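Participant: Sequence and predicted structure below; questions after.
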Amino acid sequence: VPQLRMHIEGFAHKAAGHINPYIEITFPEYGGERLERCEAYAAIKSYLSASASTRAKRLKASVKDTRSLVLSMDDNEEVVDEFEGVKLWWSCLIVSRNSTISLYPYSENRRFFKLTFHRSHREVITSSYIKHVLATGKAVAANNQLRKLFTNNPSSNWHYYEESKWSYGAFEHPATFDTLAMEPSKKKEIMNDLLKFQRGKEYYARIGKPWKRGYLLYGPPGTGKSTMVAAMANFLNYDVYDLELTTVKDNTELRKLLIETSAKSIIVIEDIDCSLDLTGQRKTGKQEKDNHEEKADPVKRTEKGREESKVTLSGLLNFIDGLWSACGGERIIVFTTNYVEKLDPALIRRGRMDKLIEMSYCCFESFKVLARNYLGVEVHPLFATVRQLLEETKMTPADVAENLMPKSDEEDEEACLERLIEALRKAKEEAGKKSEEEKAAAAEATAARASVDVFL
Ligand SMILES: Nc1ncnc2c1ncn2[C@@H]1O[C@H](COP(=O)(O)OP(=O)(O)OP(=O)(O)O)[C@@H](O)[C@H]1O
């Protein structure tokens, strides 16, 4: 604020006050002795791009990433804003290289924002309006910022990365809850759960628990587990940490990794059944011995063909249970698996995973979402056939989506729907054949047993 005040005093047109009842405050893009970029300018720009873009007539567009278009006021455009009943004007001005305006004698093209208001409102503007603009602007900028997708560096290579245990790139997955094919009531429930979590800071503090939530997503491949994680991240505006457990050497390293994650993030461990032997089921012989060891900590992973790793289920659960409560919260941890039945019940027990989400085969409601996304159709006479077939056979949303996608410019929605119907019929036929074969095999086995009995 003192810095801001300096700006105000430095650039207010004081002389104007005597003749002109309006006060002008100028916020240059570059300021200070070294002409560094002004924070206030950037915040005002974000504020105006969010609130003024609906009012300004001429806008400038810039595409920040593949998803978001940022609109801001064009040069020399003016917009009116209102605050606590006070009307004020913002304009974005540009001073060209050859301008003689004394503000920038040496500059190239320089931009600045000019705020104009009646001098009777000086107090409210300088004490609260500008604060409000800067705070809102910063929040908007944070929202527009590119989010990150982190992946852990194999712990065997950590010495190369100078203490950085995670590498990152831009997180640009386009999935949203809008494009996610899922039964609407289930989708709504998950969204509400996420919102409740996000707004639950005081609640978690009151009950003395770390501000985190665990989800287990399970279902066959292609039912949208990864898509769901992306939709969650986009919905909450969180970064994503994709934790590959097979390259983590032991629990200590797992701990180091988890402690380095930042708040407002989703930590994902995909295919948990594949990444580690976490089943905890009783095994035979040597396996059983190893399994006993697994209960103790640390343990050795024993499955054939895998590198030996000492990350354990108990190590993981300890973190989930709140080891990191000391380092601030707002973290979501998501496990995904294709085989929920393989997992140790300890992982699924209430409190450890807060919510189990089943991702299932495509139902008619899910199909409608995909048809809208891929073909832009809400209703079609062929929908009835699709509905009937989806009730009779199982197909993953990934396969339905694949069939719906137009393969060329000539293909219209009807052709795509017919291809899907054809694929569904084929799937139904194959499922029928398979079950016939299974029945025949079972009957054969019964007959063989019967003949052995007769023989004996
Ligand atoms: N429920 C869904 N809604 C929208 N698209 C989906 C859905 N399920 C699958 N898809 C489409 O299928 C592709 C594969 O799905 P995704 O990777 O999310 O499935 P998965 O369940 O994570 O599979 P896997 O277990 O093999 O990792 C996605 O890129 C997406 O285009």
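Facilitator: Nice, I can see it.
Participant: what lines up beside the strand or helix carrying residue 168 in the sheet?
Facilitator: Using DSSP states H and E, residue 168 maps to strand 166-170. Using DSSP bridges, strand 166-170 pairs in its sheet with strand 148-152 (antiparallel).
Participant: sorry, back to before: list of residues touching the strand holding residue 168?
Facilitator: The contact list for strand 166-170 (CB atoms under 8 Å, 6 or more residues apart in numbering) reads 65, 146-153, 161, 241, 257, 260-261. (C-beta placed from N, C-alpha, C; glycine too.)
Participant: And the ligand, is the following helix or strand past that strand touching that?
Facilitator: For strand 166-170, the succeeding helix or strand toward the C-terminus, using DSSP H and E, is helix 184-198. No. With CB under 6 Å from any ligand atom as the criterion, the ligand is not reached by helix 184-198; the gap is at least 9.5 Å.
Participant: And helix 184-198, how far out from the chain middle?
Facilitator: 14 Å (CA atoms, centre = their mean, to the nearest Å).
Participant: SS state for residue 91?
Facilitator: strand (DSSP: H, G, I helix; E, B strand; the rest coil).
Participant: Report the beta-bridge partner residues of it.
Facilitator: Beta-bridge partners, per DSSP bridges, of residue 91: residue 78, residue 114.
Participant: Export stretch 209-220 to PDB, keeping only CA atoms.
Facilitator: Below are the C-alpha coordinates for stretch 209-220, written out as PDB (Å, rounded to 0.1, in the frame of the first residue of the first chain):
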ATOM      1  CA  LYS A 209      -8.000 -33.300  11.000                       C
ATOM      2  CA  PRO A 210      -5.700 -32.400   8.100                       C
ATOM      3  CA  TRP A 211      -7.500 -30.800   5.300                       C
ATOM      4  CA  LYS A 212      -7.300 -33.600   2.800                       C
ATOM      5  CA  ARG A 213      -9.600 -36.000   1.200                       C
ATOM      6  CA  GLY A 214      -9.000 -39.500  -0.400                       C
ATOM      7  CA  TYR A 215     -10.900 -40.900  -3.300                       C
ATOM      8  CA  LEU A 216     -10.600 -44.400  -4.700                       C
ATOM      9  CA  LEU A 217     -11.700 -44.600  -8.300                       C
ATOM     10  CA  TYR A 218     -12.300 -48.100  -9.600                       C
ATOM     11  CA  GLY A 219     -13.700 -49.700 -12.700                       C
ATOM     12  CA  PRO A 220     -12.600 -51.400 -15.900                       C
END
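Participant: can you give me how far it is from the chain middle?
Facilitator: Offset of stretch 209-220 from its chain centre (CA atoms, centre = their mean): 14 Å.
Participant: just stretch 22-29 next, same as before
Facilitator: Put simply, stretch 22-29 sits 38 Å off its chain's centre (CA atoms, centre = their mean).
Participant: try stretch 227-243
Facilitator: For stretch 227-243, the distance to the chain centre is 2 Å (CA atoms, centre = their mean).
Participant: just stretch 356-371 next, same as before
Facilitator: 20 Å.
Participant: Quote the end-to-end distance of it.
Facilitator: 27 Å (CA to CA, to the nearest Å).
Participant: same check, this time on stretch 146-164
Facilitator: 20 Å.
Participant: Okay, buried residues for it please.
Facilitator: 147-150, 152-155, 158 (16 or more other CB atoms under 10 Å).
Participant: average pLDDT for that stretch?
Facilitator: The average of the pLDDT scores along stretch 146-164 is 74.
Participant: same question, stretch 122-132
Facilitator: Across stretch 122-132, the average pLDDT comes to 91.
Participant: Could you give me the buried positions within it?
Facilitator: 124-126, 129-130.
Participant: Buried residues of the strand or helix carrying residue 257, list them for me.
Facilitator: Per DSSP H and E, residue 257 falls inside helix 251-259. Residues of helix 251-259 classed as buried by neighbour count (16+ other CB under 10 Å): 251, 253-255, 257-258.
Participant: how far off strand 148-152 does that helix point, in degrees?
Facilitator: Relative orientation of helix 251-259 versus strand 148-152 (axes from the mean of the first three to the mean of the last three CA atoms, to 10 degrees): 170 degrees.
Participant: tell me what helix 251-259 is packed against?
Facilitator: Applying 3 or more CB pairs under 8 Å, 6 or more residues apart in numbering; DSSP states H and E, one finds that helix 251-259 contacts helix 313-320.
Participant: isn't residue 181 right up against residue 395?
Facilitator: No. In this structure, residue 181 is not within contact of residue 395 by CB atoms under 8 Å, at 11.4 Å.
Participant: Residues that sit against both of those two, list them.
Facilitator: Here residue 181 and residue 395 share the contacting residues residue 362, scored by CB under 8 Å, 6+ apart.
Participant: More neighbours: which of those two?
Facilitator: Between residue 181 and residue 395, counting by other CB atoms under 10 Å, residue 181 is the more crowded of the two (25 against 21).
Participant: quick one, what contacts the closest residue to that one other than its chain neighbours?
Facilitator: Closest residue to residue 181 apart from its sequence neighbours, by CB to CB, 6 or more residues apart in numbering: residue 366 at 3.6 Å. Contacts for residue 366 (CB under 8 Å, 6+ apart) come out as 181-183, 397, 400.
Participant: tell me which residues of the helix or strand residue 333 falls within are tucked away?
Facilitator: Residue 333 is located in strand 331-337, with elements delineated by DSSP H and E. If you call a residue buried by 16+ other CB under 10 Å, then strand 331-337 has these buried ones: 331-337.
Participant: quick one, it and helix 251-259 angle?
Facilitator: 120 degrees.
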